[in-house]
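Novice: Can you look at this prediction? I've put the sequence above it.
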Amino acid sequence: MTPPLHFVIVGNGVAGMEAAVALRAREPQAKITVVSEESDHFFSRTALMYVLAGQLRHQDTEPLERDAYARLSLERVRARAVGLDSAGRRLRLSGGQELPYDRLLLACGSRPRPAPWPGAELAGVGHFVTLQDLAWLEAELHGGPSRGGPPPRPDAHLERSAPDSPYQPRPVAARRRGHLARQAVVVGGGLIGIEVVEVMLAAGLRPHFVIREDWFWPMAIDAAEGAWITQRLAGHGVRVHLGRGVAAMEGQDGLVTGLRTDDGALLPADVVVVAIGVVPNTGWLAGAGLDLDPSGGVRVGPDLSTSAPGVFAAGDCAAVPGADGRPRVEQLWYTARDQGRIAARAMLGDPVRYERGLPYNSAKLMDIEYTTVGEVWTGPAPDAAAWEWTLVEEGRVRSSTRICGRGDQVVGFNLLGRRWDHSVLARFIEERRDLSWVVQRLPQAAFDTELVPPLRVPADRLAAARALARPPQG
Amino acid sequence: MDQQGQQGLDSPWRSAWRSRGGPAWLIAALLIGFYVDLYWFDHLEPVARALGLRSKWFLYGALYSLGMVGGAVFYLRRHGNSRYHRVRIATNVGVQVLLAWTLPFVMPLLGGTEFYPSYFWPLKYDLLLPDTLWQLPLYLSIYGLVGSLLLSPLLAFFLGKRWYCSWICGCGGLANTFGDPWRHLTSKSTASWRFEKAAIHTVLVAVVFMTAVVVLKGLVGHDHPTFAAFADGTKQVYGFLVGSVLAGVVGTGLYPLLGPRTWCRNFCPMAAILGLVQKLGRFHIRVKPDMCISCGNCSAVCEMGIDVRAYAQSNQSFTRAACVGCGMCAHVCPRGVLRLENRVTVLGDKARQGLVTLDL
Ligand SMILES: Cc1cc2nc3c(=O)[nH]c(=O)nc-3n(C[C@H](O)[C@H](O)[C@H](O)COP(=O)(O)OP(=O)(O)OC[C@H]3O[C@@H](n4cnc5c(N)ncnc54)[C@H](O)[C@@H]3O)c2cc1C
Ligand code: SF4
């Protein structure tokens, strides 16, 4: 009889834990080890902002009950992986320990993109991606964790970490300054940036929000939609600076005092949160002989296997071939979850392929609900056959419904202010429906709360939809 | 304006009075003290008289209504951006102030009967007892019987138990206004769920037993004085344990420590019946597929201790007997994953896609 396989998973985020659960479901006997530097338990990274605000306890953000490791017989190692010997099938841990494996899953996620400006090392400057970032920002804004308490054993990894780890604690300026942050700057017009801004508002601050682009999140939001969001931010007292870059973070005695924008203005700050994106957390894999893409993502095949035998990758750290075959790193909860499940099956030898399906996402931009499905653009139409149809409501409900299409087919939706069932909209796209058909059936996809007046399409917008449903031939 | 989601963030775990700190214990002690005095002493009687109220119970009703109105103001400041919550809370407060206080206070002054039309058996456990039914005018007796035995379950079948627990009932109303700041404290542990199942069904059996015994006494009590005494004792014990200790002292007094629905979740026999009907009926919470980010907000705000996230993250639309349909899980979900619905779904797939539905 062959001995049971040893599966090792680096990372207990959503990708790693989905894989662990799926592996255990299929292999009751196998040995499964989960290595995680950051935390004892799987937690929802997407919920960090709610813990920072004190809306949730850390424990509330754990999708699995705390006994999951015992119940699933998973071994937990709280240490940093520092290297990989892919020929000898060994994972090297900080402190010199080596972990032999039969199959290895890299699910080591993202780290914040470092600030490329002078002053990034000042106390009071940091990011908002890891639990350690959360602890730092809790200390700057509130003096420490909420009454819900910190995560269990927050420092258990420190003896087996490394100086370049994103899970190292950051120095807290508030402690040395003697008062909590009163002035704050958030850099980076993306999802994490706006989440931090919202928490700061709840904490009674009026942060500066510095956005290099001409409006918030132009990757997903067009100019008109962006104007609405800017207006909403400003209405809540956020000082939004559009089209401005950063020159430097300024400080005194190692403490940040402000942020200088590239037009020379100085925004005073006790705390600066840099939220300019994340990059694959794969620095420790340099020299392991894996095929990495320029951003650091671990290149995988359609079955999520890497260039090394027995090694797989999933989630934020993986560069996965898209529909066009080109590798792409996607930092999404949904893709990480699905890839974790697929990777588990691939590790068991199933002939599986990761199929991306139509892209979708949702978010809350302050109090504006946001849903997107399929292909949308945020600037000029990408080609001659492309068009868009927009319906803006400014009555009791404020909403924006933007449908993108090409030729006589609808290809994507960008929706703000109302709730929608993305799966119904995705079906409209997959069935290659035309705009007129889709607009008349929008109620099928509505997911509005009861008693909210439904979306009505006025006659002129309906006529416009009919016209676009049959584009002129030629 | 009509918005669908939470407006601004809430910070219960940064306030001691909302997270079982010293002030929370103090508020609990005051509430418990108040209830003990109300039920078993007569200090409030002269106060009530001085205010021109017929009894301390009307003083209690007035304070109760005030608590609801005050709580509603704070609640609506936070969640009034949603029409569902505006209409729901306004209805609930309106029912309390008009039907559960003003009407029973005014009617006797006009020569009518003191009657509480928003309460039904078995929550109002003496409504169906022979003494009560004989004393009431015929139309009110019929109202009580039909309302308790037919109308309530029927509405729960079509609309879910929320029609009562979150729109009409005074206990639910106080929980969702005055008690709302503590809703995140309801335990989600498996142990608390086991306790709930055992406790609430025990009370249900108890109220049915008590009612049956007292009705039987009405029929044969004259000839069996020992049985009559037993029936009276049963009613007294039930009234003391369930009506006073569990509904008042424990149910409301422990708001700041155990969350505001301790009574509704664990002990209310009306909730037990409506919950069973709800399981068979049309109300459910629909889960949008694959959109949950497992953040935990929905479970945290569930005042009935339901782990909503467990359903949401596994794409499972669901109906739970405990759910009172307050709608807060859907309200706080930052990804709009949840929707409260009453709908008949037939024809499998098509229905699931929302093509063949019969919205009520
Ligand atoms: C504030 C914030 C909000 C977000 N909101 C959303 C959202 O609303 N929607 C959405 O789709 N996505 C969101 N995301 C992105 C989403 O959280 C990620 O895509 C997802 O968590 C990635 O999961 P993962 O399992 O790949 O990696 P991670 O969750 O990052 O897990 C990485 C794991 O690897 C471990 N690890 C890493 N390196 C090592 C090492 N060298 N040794 C040992 N262990 C190691 C860590 O301990 C950790 O357990 C958000 C991200 C952030 C930071
Ligand atoms: S359903 Fe919504 S609130 Fe609940 S865990 Fe999922 S995303 Fe969070």
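Specialist: Yep, that arrived. Ligands and ions are numbered 1, 2, ... in the order given.
Novice: confidence score at B:Gly248?
Specialist: pLDDT, B:Gly248: 88.
Novice: domains of the chain?
Specialist: Using chain A. Structural domains assigned to chain A are A:6-37+A:79-111+A:279-347, A:114-276, A:360-469, following automatic domain parsing.
Novice: ah, no, chain B please
Specialist: According to automatic domain parsing, the domains of chain B span B:22-280, B:281-352.
Novice: how close does A:Pro114 sit to B:Thr190?
Specialist: Between A:Pro114 and B:Thr190 the distance is 43 Å, computed by CB to CB, to the nearest Å. (Glycine included, C-beta is placed from N, CA and C.)
Novice: Next: B:Cys295.
Specialist: If you measure B:Cys295 against B:Thr190 using CB to CB, the figure is 21 Å.
Novice: between those two, which one's more packed in?
Specialist: Shown here are B:Cys295 and B:Thr190; by other CB atoms under 10 Å in any protein chain shown, B:Cys295 has more neighbours (31 against 10).
Novice: which one is the more buried one nearest to, not counting chain neighbours?
Specialist: In space, and not counting its chain neighbours, B:Cys295 is closest to A:Ala47: 3.7 Å by CB to CB, 6 or more residues apart in numbering or on different chains.
Novice: ok, now which ones touch that neighbour?
Specialist: A:56, A:60-61, B:293-297 (CB atoms under 8 Å, 6 or more residues apart in numbering or on different chains).
Novice: Give me the longest helix you can find in the chain.
Specialist: Reading this off chain A. helix A:333-347 (DSSP state H).
Novice: actually it's chain B I care about, not the one you picked
Specialist: In chain B, assigned by DSSP H, the helix with the most residues is helix B:190-220.
Novice: which secondary structure elements does that one contact?
Specialist: With contacts defined as 3 or more CB pairs under 8 Å, 6 or more residues apart in numbering or on different chains; DSSP states H and E, helix B:190-220 has these neighbours: helix B:130-135, helix B:225-238, helix B:262-266, helix B:269-280.
Novice: Quick one: closest of the ones you listed to chain A.
Specialist: If you check each of the helices and strands packed on helix B:190-220 against chain A by CB to the nearest CB, helix B:269-280 wins as the nearest, at 16.1 Å.
Novice: The closest one: how far from the chain's middle?
Specialist: Distance, stretch centre to chain centre, for helix B:269-280: 12 Å (CA atoms, centre = their mean, to the nearest Å).
Novice: Same check on stretch B:98-118?
Specialist: 21 Å.
Novice: what's it in contact with?
Specialist: Stretch B:98-118 is contacted by residues B:53-54, B:58, B:61-62, B:64-65, B:95-96, B:119, B:124, B:136-137, B:140, B:143, B:147, B:168-170 when judged by CB under 8 Å, 6+ apart.
Novice: So B:His331 belongs to a helix, correct?
Specialist: Yes - according to DSSP: H, G, I helix; E, B strand; the rest coil, B:His331 belongs to a helix.
Novice: my guess is it contacts B:Ser82, does it?
Specialist: Yes - between B:His331 and B:Ser82 there is a contact under CB atoms under 8 Å: 5.8 Å.
Novice: Now for those two: what residues contact both?
Specialist: Common contacts of B:His331 and B:Ser82 (CB under 8 Å, 6+ apart): A:449, B:4-5.
Novice: And for residue 159, the neighbour number?
Specialist: Unless you meant another one, I'm taking chain A. By other CB under 10 Å, neighbour count at A:Glu159 equals 10.
Novice: wrong one, chain B
Specialist: Neighbour count for B:Leu159, taken as other CB under 10 Å: 18.
Novice: so how far is ligand 1 from the residue nearest to B:Cys295?
Specialist: A:Ala47 sits 8 Å away from ligand 1, going by CB to the nearest ligand atom, to the nearest Å.
Novice: of the contacts of A:Ala47, buried ones?
Specialist: Neighbour-count burial (16 or more other CB atoms under 10 Å in any protein chain shown) applied to the contacts of A:Ala47 gives A:56, A:60-61, B:293-297.
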